[in-house]
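Student: Pasting a predicted model and its sequence here:
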Amino acid sequence: MNAFSTNKKRTFSAAAQWGPLIAGLSILFSAQISAAQDKGWEEGGEIRDVNIEIVKERQITLPQANRNFEKVPPRPSEPIRPPMTYSFQSFNFQAPQVNPAIRPLKLKQQSSSDIYGNYVRIGYGNYASPLLEAYLNSRKDRNKLLGAHFYHQSSGKGPVDGKNSGSGTTGLSLSARSVGEDLSLSGNAAFENRSTTFYGYPAGMEVDKDSIKQAFNLFKLSGELSNSKNSDFAYTFGAGFSYLGDKFSASETEIDLDFKLSYKMDEESRINLSAGYAMISRKDDKVEGDPRSLFTVSPSYVFSPVENLTVTAGLALAFENDTIDSKNIHVYPDFKVSYPVSPSVDFVAHLGGGMEKVSLQTLSNENLWLAPNVPIFHTSKNIDFGAGINARLGNKISINTGLALASLKHWYYFMNSPDNQAKFDVVYDDGATKRTNFFAALSYAQSEMVKVMLRGDVFGYDTDELDKAYHRPTYKFTANASFNLYQKLIFKADLIAQGGMKAYDFTADKNVTLDAAFDLNFKTEYLFSKSFSAFVQLNNITSNKYPVFLHYPVRGFQAMAGITWSF
């Protein structure tokens, strides 16, 4: 029994013993108070003072409870009968050999019907400009390919006197390729017609339309043989034949042979060898001489002297019979280095040179309005030095910037003919032109959804005999971007801006600066399905009729719409 229960019991016992006494005293006290009150009221209604004293003579005390508990003692240990014993024995387990059949995940093979090898595009625009382009390719055998490409785009009208400045290009090419177990063989046959007019005549001058027409017809045959397997020893041998003729008396025949060899010695070194031979025979109204020949050979050795540094050391030899230079043999250095400054930044530099082939085909690709009997000579790049930085910001942005210096001997320039300003002569700097080029480029690619590329160039020229570097720009900026919206709408835009070109105006008898070029183009295409789409193309949106050469402005605003079908 705890202390609480003991005290409670004792309290109840005291109340039982003293209860009658207390009850009697209470009754007596109440009677005395009542008698006093009656007496007081009788003697005058006043209550007299009465002192009542209650004396408590006995104090109830209870002893303190004892709360000590006795702990249960532990049981004595009992020995295990019988005693346990342990035995350790070696155990050998031989599992049977397992050869699991692993099936790698393969991409779903596309059927030939899912791959479009044929393509047709049709369009029409202002300036009476039709467009027709078609690609046809075989799809039955992936190791054998036959293809054809047809292209035609023309403008019946131009920027000067309507039909007097029309132009057009028509081309047809046939190609074949066969890939065997060891060899790969390809061939190509092509024909191209480029037509224009000499519309750079003085304003208001009456001309015969047929007399100002010009056209270049080019026929080409080429073939290439190479090894089809990736190996330490790789080679490529190519041969080509071309014939070019214009509407007048100019014609040119060219034979080209090319050979490239590469031998990989180990992971960090290899030997490269490239060689080429070109023989050019040309005829014109007053020009007919011995064929011009050019043979070049360039051996080089690629190695890594220290970790991460890649060096290419070699030289270039050129043998030619151009009459403009007394030397027939030329030797040029060929050095390249590449070093990763960091995981995302590479430093590259080169020091080289070489002989650049120049032909009537080369010149007409840059300028269709050539005068007859223009002189043609190869360009000797005595020194070509460049250094730059290639940087990558993440996996979407890349930046390239650098500086290039070159010494160009017998570099060609275009000047308006003093006899006919609508035609151009080709002039050469008897010494060497010093050219500097500072460039910077940036590209951004977000998968196939967004692509942006920007490039800027600044050029400087120091001529020896000529007053100016005629028809060579001093700055050039290009930009293009594409955006694919939900695989349905494709937007493309490009911009070309250049300027600083000089020309000599024989009419004014002075050097002039051509107006800067600013050409903004935009194209949008809507895909109705995977095989059918419609497009709208806008060229020279600002309608800036800048001159590409003196007296030769371009067309203004141009718009074209059409459809595309793949099958």
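Tutor: Ah, there it is. All values derive from a computational prediction rather than experimental measurement. Numbers count the residues shown, from 1 in each chain.
Student: Every contact and neighbour count from this point should use C-alpha atoms.
Tutor: Noted.
Student: List the buried residues for the host helix or strand of residue 384?
Tutor: Element membership of residue 384 [criterion: DSSP states H and E] is strand 379-393. Of all the residues in strand 379-393, those buried under the rule 16 or more other CA atoms under 10 Å are 379-392.
Student: quick one: strands adjacent to that strand?
Tutor: Strand 379-393 sits in its sheet next to strand 345-356 (antiparallel), strand 397-409 (antiparallel), going by DSSP bridges.
Student: Residue 407 is in contact with residue 433, isn't it?
Tutor: Yes: the criterion here is CA atoms under 8 Å, and residue 407 meets it with residue 433 at 5.7 Å.
Student: List the contacts of stretch 388-406.
Tutor: 344-349, 381-387, 434-446 (CA atoms under 8 Å, 6 or more residues apart in numbering).
Student: Dump that stretch to CSV, restricted to CA.
Tutor: Extracted C-alpha coordinates of stretch 388-406, given in CSV (Å, rounded to 0.1, in the frame of the first residue of the first chain):
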residue,chain,number,x,y,z
GLY,A,388,44.0,32.2,-85.2
ILE,A,389,42.0,30.9,-82.3
ASN,A,390,39.2,28.3,-82.5
ALA,A,391,37.0,28.3,-79.4
ARG,A,392,33.9,26.3,-78.4
LEU,A,393,31.4,27.6,-75.9
GLY,A,394,29.5,24.5,-74.8
ASN,A,395,28.4,22.3,-77.7
LYS,A,396,26.3,24.9,-79.5
ILE,A,397,28.6,28.0,-80.0
SER,A,398,31.9,28.1,-81.9
ILE,A,399,34.1,31.1,-82.5
ASN,A,400,37.0,31.5,-85.0
THR,A,401,39.2,34.6,-85.3
GLY,A,402,42.6,35.3,-86.7
LEU,A,403,44.9,37.3,-89.0
ALA,A,404,46.3,36.3,-92.4
LEU,A,405,49.1,37.9,-94.3
ALA,A,406,50.0,37.0,-97.9
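Student: Next secondary structure after the lowest-mean-pLDDT helix or strand in the chain?
Tutor: The helix or strand of the chain with the lowest confidence, counting by mean pLDDT, DSSP states H and E, is helix 3-43 at a mean of 47. Where DSSP H and E defines the elements, the next helix or strand beyond helix 3-43 is strand 119-125.
Student: quick check: angle from the helix or strand that that next one is followed by to strand 119-125?
Tutor: The first helix or strand that comes after strand 119-125 along the chain, using DSSP H and E, is strand 129-137. For strand 129-137 against strand 119-125, the angle by axes from the mean of the first three to the mean of the last three CA atoms, to 10 degrees is 180 degrees.
Student: Give me the helices and strands touching strand 129-137, please.
Tutor: If contacts are counted by 3 or more CA pairs under 8 Å, 6 or more residues apart in numbering; DSSP states H and E, strand 129-137 sits against strand 119-125, strand 144-155.
Student: Any chance you could list what contacts that strand?
Tutor: 117-124, 145-156.
Student: hmm, back to that, export the strands paired with strand 379-393 to TSV and append columns for distance to residue 267.
Tutor: Converted to TSV, the strands paired with strand 379-393 look like this (distance: least, CA to CA, whole Å):
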stretch	distance to residue 267
strand 345-356	20
strand 397-409	27
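Student: what residues are up against the residue lying closest to residue 198 once chain neighbours are set aside?
Tutor: In space, and not counting its chain neighbours, residue 198 is closest to residue 212: 5.0 Å by CA to CA, 6 or more residues apart in numbering. With contact taken as CA under 8 Å, 6+ apart, residue 212 is in contact with 197-199.
Student: In strands, which of these fall?
Tutor: residue 197 (DSSP state E).
Student: Give the buried residues for stretch 177-185.
Tutor: Neighbour-count burial for stretch 177-185 [16+ other CA under 10 Å]: 177-179, 184-185.
Student: Now render these as a markdown table, adding secondary structure, pLDDT and distance to residue 515.
Tutor: A markdown table is the format used below for the buried residues of stretch 177-185 (DSSP: H, G, I helix; E, B strand; the rest coil; pLDDT from 0 to 100; distance: CA to CA, whole Å):
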| residue | secondary structure | pLDDT | distance to residue 515 |
| --- | --- | --- | --- |
| 177 | strand | 94 | 47 |
| 178 | strand | 95 | 50 |
| 179 | strand | 93 | 51 |
| 184 | strand | 95 | 50 |
| 185 | strand | 96 | 48 |
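Student: what about residue 286, neighbour count?
Tutor: By the other CA atoms under 10 Å criterion, the neighbourhood of residue 286 contains 11 residues.
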